[in-house]
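Undergrad: Turn this into a structure:
(one chain, ligands or ions: 2)
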Amino acid sequence: MRILVIGSGGREHAICYSFARSSRVEKIFCAPGNAGVATVAECIPIKPEDIDSLIEFAARESIDLTFVGGETALALGIVDQFEKRGLKIIGASMSAARLEASKAFAKDFMARHGVPTAKYVTADSPSKAIEILESGHFGDELSAVVVKADGLAAGKGVVVARDRSEAIAACGELVDLVGDAAEQIVLEECLIGREVSLLMFVDGNNFALMPPVRDHKRIGEHDTGPNTGGMGTITDSGLLTPKQSQEIIEDMIEPTLAGCLADGFPFRGILFLGLMLTDGGAKLLEYNVRFGDPETQSILVRLETDLVDICEAMLEGKLAEQKIEWSSGNSACVVLAAEGYPLKPRTGDLISGLDDAASIDGVTIFHAGTAISSDGDLLTAGGRVLGVTARGVSLEETLRVAYAAAERVSWSGMQYRRDIGKAH
Ligand code: AMP
Ligand code: GLY
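TA: Ligands and ions are numbered 1, 2, ... in the order given. Below is the predicted model:
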């Protein structure tokens, strides 16, 4: 089979790596890819948003299956347009992608279908949100309020404000930070608890869970400093008890998939639940309609079933008959980031020690922001540069191996968190 993967991050490198392990795959292309992807796929210089060019490429190159990494192309309707041309593609339709592309839409959907979530109110503009906060109709003097831009904001659209005055200030700041995405604002009750993400393959009716995963979003150790796209992840079956998993299936996943069907957009693709485990049970913080980054790196190193088989089962509505196996134990991904990330990452630094790090048993290194210079050197080319990913029989051993590998890599200004898998 000839495969096309769309995107350029560590997530897409992990997806290409999984396809490369399939005995059914003859050739992988990635648009646009990165320096690490280029070791397993042919990178083609087409942007994920350039859907017409991607369709033209897929038709010309007789691509059998396309897999979409990120949300931008999904929200633009890439899946609907590929399917209109008779091209096979894995990802959420444009209608289903609204579950991620509009937080107001997602919250109304959760309310309509009885999915447990934080109390909320939607404001049509930032000034309306300020009015609501000042009127005292939402939040009070002392309690925290979460202020969210409605639209896609690459992880920058959420402020957890400590009190009402911080929330009022956040409404204005979000406009400066994310522009049009903050045209509408969702105000939410602040939930307290531990965060866990649960991803699944979905074929419209059936779902197959992946191992639960925890992301560490803040730049600094002990969860300090600004939010990032994610500084590291672990998979650990202990993140959810069997009882919690069962409740999440019954109270969230089943109503969500039934809700998508009832609302006329059956969900097919990767569904990602961002959960908060509160004293009052699990609550849904958000839907994503794609694999996470760096969740995917930790998840896919444990996938033992052929990804092509899973994709075919999704396309044919036969996921219930497809056995999906995961290696036992744990995995962890430690993100190595450039100096200045997330605000102003410096690029162009020479990376060394990669082969040495990758030679450690159980380690796989996924590239995100990397590029090859005209002299053939490997350089940093983005904020999150590498995802050092390890597998092991226990969480402790997995983290030890991941950090041993991370220590072998270096470049000027490299930064990473030393507490992945430890903090919560
Ligand atoms: P989201 O993009 O909606 O997942 O929000 C990004 C991050 O903000 C989450 O991973 C949480 O850490 C935090 N967050 C979002 N909503 C809430 C909430 N209602 N209560 C507490 N924290 C939240
Ligand atoms: N790591 C968070 C995300 O991909 O949404």
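Undergrad: list the contacts for residue 206?
TA: By Cβ atoms under 8 Å, 6 or more residues apart in numbering, the contact list for residue 206 reads 317, 319-320. C-betas here are computed from N, CA, C, even on glycine.
Undergrad: Residue 219 sits in which helix or strand?
TA: Using DSSP states H and E, residue 219 sits within strand 218-220.
Undergrad: Measure how buried residue 377 is and give me the count.
TA: 12 (other Cβ atoms under 10 Å).
Undergrad: need the contact list for it.
TA: Per Cβ under 8 Å, 6+ apart, neighbours of residue 377: residue 350.
Undergrad: For the remainder of this discussion, apply numbering that starts at 12.
TA: Noted, 12 is the first residue going forward, which turns the last one into residue 388.
Undergrad: picking that back up, narrow the contacts of residue 217 to those in strands?
TA: With strands defined by DSSP state E, no entry of the contacts of residue 217 lies inside them.
Undergrad: Buried subset of these, written for PyMOL?
TA: To isolate the buried ones among these in PyMOL, judged by 16 or more other Cβ atoms under 10 Å, type:
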select buried, resi 330
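Undergrad: Packing partners of the strand holding residue 230?
TA: If you count contacts as 3 or more Cβ pairs under 8 Å, 6 or more residues apart in numbering; DSSP states H and E, strand 229-231 packs onto strand 235-238.
Undergrad: Just after the strand it packs on, pick out the following helix or strand.
TA: Criterion used, DSSP H and E; the element after strand 235-238 is strand 243-246.
Undergrad: what does the chain have sitting close to ligand 1?
TA: 129, 157, 159, 169, 171, 199, 201-202, 206, 228, 285, 296-297 (Cβ under 6 Å from any ligand atom).
Undergrad: at 8 Å instead, please
TA: 114, 128-129, 131, 155, 157, 159, 166, 168-169, 171, 199-203, 206, 226, 228, 238, 285, 287, 294, 296-297 (Cβ under 8 Å from any ligand atom).
Undergrad: Could you grab the helix/strand/coil label for the residue positioned nearest the centre of the chain?
TA: By Cα atoms, centre = their mean, the mean C-alpha position of the chain lies nearest to residue 303, the distance being 1.6 Å. Local secondary structure at residue 303 is given as coil here, using DSSP: H, G, I helix; E, B strand; the rest coil.
Undergrad: I figured it hits residue 22, correct?
TA: Yes. Contact criterion Cβ atoms under 8 Å: residue 303 and residue 22 qualify, at 7.1 Å.
Undergrad: Could you give the backbone dihedrals for residue 285?
TA: phi -90, psi 110 (degrees, to the nearest 10).
Undergrad: these two touch, right, it and residue 293?
TA: No. Counting by Cβ under 8 Å, residue 285 stays clear of residue 293, with 10.8 Å between them.
Undergrad: List buried members of the residues of the chain next to ligand 1 by neighbour count.
TA: Buried, going by 16+ other Cβ under 10 Å: 114, 128-129, 131, 155, 157, 159, 168-169, 171, 199-202, 206, 226, 238, 285, 287, 294, 296-297, out of the residues of the chain next to ligand 1.
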